[in-house]
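Undergrad: Quick check, what structure comes out for this input:
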Amino acid sequence: MSAAHDAQRIRELIEGGDFARALVEAQTQLENFPEERDLLYLAAVSQRRLQRFSEAFTTLDRLERLHPRFARLFQERGYCFIARRDVVRAIAAFEQAVNISAALPSSWKSLHMLYRMSGRDADAQTAAAHVEKLAILPKAIVAASAFFADGDLSEAERIVRRFLMEQGDHIEGMRLLAKIGMELDILDDAELLLAKVLALAPDYHVSRYEYAIVLLRRHKHAQAREEIGKLLEADPRNRQYRATDAAVSMGFGDFERALSAYQELALETPDDIGLHLSVAHTLKTLGRAPQAVEAYRSASIPEPLCGEACWGLANMKTYRFEDEEIGRMRRAEASPDVRPIDRYHLCFALGKALEDRCEYEESFAFYERGNALKKRECRYRPEIIETAARLQSSLCTREFFMERPGWGCDSGAPIFIVGLPRSGSTLLEQILASHSMVEGTAELADIPRMVQELHGPRPDAGNPPYPGILSTLGAADLKCLGRKYLADTSVYRRRGRPLFIDKNPNNFRSIGLIHLMLPNARIIDARRHAMACCFSNFKQLFAVGQQFTYSLEHIARYYRSYVELMSHWDSALPGKILRVQHEDLVADLEGTVRRILEFCGLAFEPACNRFHETKRSVNTASSEQVRRPINRDGIDQWRHFEPWLEPLLRALGPLAFTED
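TA: This next block holds a predicted model:
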């Protein structure tokens, strides 16, 4: 029986006034689901109704450590303080509740009463205004907003969609649906909804800020900067706007500007751990390792321990933890009250720390635990990727391409580096970006976004429009797409070099589209030994995306699909793709570099062999590794963990024993 089903039964017991039985049920289920939010909340409600206030406070404290953004826990704490006649603390609790979710009429009503009792007339009027505002809003929007604030997205979406179908355009309804889309990573829907909101209410700054965030997350950095610029004109000292503007600068690759902004904000609010992390991430990207270490360490000092700061240190790959740091991480990870996000960051950090100490069995146990925890919050479905690959192989045949000779834009400027993450693609990028004719950019999102737009809104996963829609595009359509790609990516090219690199590894899934719209683009496949590549992904906690990496089975399936699809592209587009085996590059640097440059139509330059001397920003997990000379450090690391990798070996099959 699920925790959700049990919670519903406990709610019914509370509504019926049977608080003692509700508490027993909640406590029994918490033995099986000790971190379940709703069970902890209902246990606290039952304890309060039974006037067991000390127990209720203890339960709410634990709930806050696990789910600090759950508005109703603060509302419940406020009720407990009212029962204790502690007006000051009751006010503080209700204020926390409405700061998380303004859609809590009961909290606002309680605040109105408490403010009046305390002689805070101005605050009482503000609370009354919120009560009136919520009373004016449709009940469906208020209810959906409360569900959204507490993370119940499916119920919030169900309510607001029904409301909009019945009522038509409604600013707050569309805005809420956009926010739900942002949480579910359905960003194209969110962008359209917020654009519509702003067309109806152009002075609605809150929505404009949300619109800027959506554009940033969609990597539409030029548009995001335009929107955040409008907001900064109206409120130039707004910290939220300034931090977002710094994030936009990061997206553009303007890391010095971003660093300056983050450092200024961190000085203004030294207790904001998130800003210290942003400073550290930016310093790491700029190659200032000692300063980055100090920034990460500063962020990891407070209690409770910040898991992301610890992983930031581990993710530098060259940092080695001291005994005291490992002890702190162990204690924090073992605590029943650590937040889930901190726990899995700590697991990955401990995995790396213990691997560096050659304590491989315990290291693997932490990697395995971290992946299992992270996988719980992912929505990855391997069959979607596999279906898309099969459809591409079926449509994009050699005959299909031969029927479209010379279509698309004739520019030969782009060099696409594709493959899997952790395959050596950052090293290839660094080598090529060391050439005087080539500019390195980033893992650009333009091709995935173009594919998403060709899919259309909310495609049927079982029968997706893409890639089938490629057969309907004419020569003019494909030329237009190629030109659009070049125009959209031009903002990331600052040095004016003839060629540029797009190093988004996932573009291997879209080589058919790339060839159709940019037939003269170069494509390099970064390949690495299957076991080394797959296990390296399993050890990596990615900031965003790459959700296939949190399960050995999923990694193996993804790798198999990748190899099969690349084999198809080799057959359908002979000579189009250069495969570079990472192990070959390590064994023969100059020979492999010459082969890469010849493929790209470039003369050999010694600087490409001295890639580690090239000063440029690198914003991937390999940033520190590519700043060192070529080495064999990662070639056979996976073999230390071989006793625990039987599931991966079995899932990869023959691929586990080949390098190509």
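Undergrad: buried stuff in the longest helix seen in the chain?
TA: Ranked by residue count and defined by DSSP state H, the top helix of the chain is helix 552-572. Within helix 552-572, the residues that count as buried by 16 or more other Cβ atoms under 10 Å are 552, 554-563, 565-566, 568-569, 572. Every residue, glycine included, has its C-beta placed from N, CA and C.
Undergrad: Just the buried residues of stretch 103-122, please?
TA: So, applying 16+ other Cβ under 10 Å, buried residues of stretch 103-122: 103, 104, 105, 107, 108, 109, 110, 111, 112, 113, 114, 115.
Undergrad: Next: stretch 36-53.
TA: 36-49, 52.
Undergrad: Render the CA-only coordinates of that stretch in CSV, please.
TA: C-alpha atoms of stretch 36-53 as CSV (Å, rounded to 0.1, in the frame of the first residue of the first chain):
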residue,chain,number,x,y,z
GLU,A,36,7.2,11.1,3.9
ARG,A,37,6.1,14.7,4.1
ASP,A,38,2.3,14.2,4.4
LEU,A,39,2.6,11.5,7.1
LEU,A,40,4.8,13.7,9.2
TYR,A,41,2.4,16.7,8.7
LEU,A,42,-0.7,14.6,9.6
ALA,A,43,1.1,13.2,12.7
ALA,A,44,1.7,16.8,13.9
VAL,A,45,-1.9,17.8,13.2
SER,A,46,-3.1,14.8,15.3
GLN,A,47,-0.7,15.6,18.1
ARG,A,48,-1.9,19.2,18.3
ARG,A,49,-5.5,18.2,18.3
LEU,A,50,-4.7,15.8,21.1
GLN,A,51,-3.0,18.7,22.9
ARG,A,52,0.3,16.9,22.8
PHE,A,53,2.1,20.1,21.8
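Undergrad: ok, residues contacting that stretch?
TA: 3-4, 6-7, 10-11, 14, 19-20, 22-23, 26-27, 29-30, 33, 55-56, 59-60, 62-63, 66-67, 70, 72-73, 76, 79-80, 83-84, 151 (Cβ atoms under 8 Å, 6 or more residues apart in numbering).
Undergrad: Please list all residues in contact with residue 493.
TA: Contacts of residue 493 (Cβ under 8 Å, 6+ apart): 439, 441, 500.
Undergrad: Apply 10 Å and report the result again.
TA: Residue 493 sits next to 253, 413, 439, 440, 441, 486, 499, 500 when contact means Cβ atoms under 10 Å, 6 or more residues apart in numbering.
Undergrad: How much space separates it from residue 296?
TA: As defined by Cβ to Cβ, to the nearest Å, residue 493 lies at a distance of 31 Å from residue 296.
Undergrad: now do residue 113
TA: Residue 113 is 46 Å from residue 296, by Cβ to Cβ.
Undergrad: On the three-state scheme, the spatially most central residue of the chain is what?
TA: Against the mean C-alpha coordinate of the chain, by Cα atoms, centre = their mean, the closest residue is residue 544 at 2.6 Å. Here residue 544 is recorded as coil under DSSP: H, G, I helix; E, B strand; the rest coil.
Undergrad: same check, this time on residue 6
TA: helix.
Undergrad: Quick one: neighbours of the residue nearest to it when sequence neighbours are not counted, just the number.
TA: Leaving aside its sequence neighbours, residue 6 sits nearest to residue 29 (Cβ to Cβ, 6 or more residues apart in numbering; 4.6 Å). Burial of residue 29 is recorded as 23 neighbouring residues (other Cβ atoms under 10 Å).
Undergrad: again with residue 234
TA: 11.
Undergrad: Let me know the pLDDT of it.
TA: Per-residue pLDDT puts residue 234 at 94.
Undergrad: Hmm, it is touching residue 206, no?
TA: No - Residue 234 is beyond contact range of residue 206, at 12.0 Å (criterion: Cβ atoms under 10 Å).
Undergrad: Show the contacting residues for residue 628.
TA: Counted by Cβ under 10 Å, 6+ apart, residue 628 has contacts 317, 318, 611, 612.
Undergrad: gap between it and residue 555?
TA: For residue 628 relative to residue 555 (Cβ to Cβ), the value is 26 Å.
Undergrad: Also residue 538?
TA: From residue 538 across to residue 555, the span is 6 Å (Cβ to Cβ).
Undergrad: Common neighbours of these two, please.
TA: The contact lists of residue 538 and residue 555 share 371, 549, 648, where a contact means Cβ under 10 Å, 6+ apart.
Undergrad: What helix or strand is the first one located in?
TA: Under the criterion DSSP states H and E, the helix or strand holding residue 371 is helix 360-376.
Undergrad: Looking at the buried residues of stretch 103-122, which is nearest residue 419?
TA: Set against residue 419, the nearest of the buried residues of stretch 103-122 by Cβ to Cβ is residue 103 (45.7 Å).
Undergrad: Tell me which stretches of the stretch 351-500 of the chain form strands.
TA: 414-419, 438-442, 499-502 (DSSP state E, counting those that start in this stretch).
Undergrad: got it, and the stretch 201-350 of the chain?
TA: So, for the stretch 201-350 of the chain - with DSSP E, counting those that start in this stretch - there are no strands.
Undergrad: where are the low-confidence patches of this protein?
TA: Along the chain, segments meeting pLDDT under 70 span 1-5, 303, 458-462, 616-627, 634, 658-660.
Undergrad: What are the structural domain limits within it?
TA: Listed domain ranges for the chain are 255-376, 382-657 (source: automatic domain parsing).
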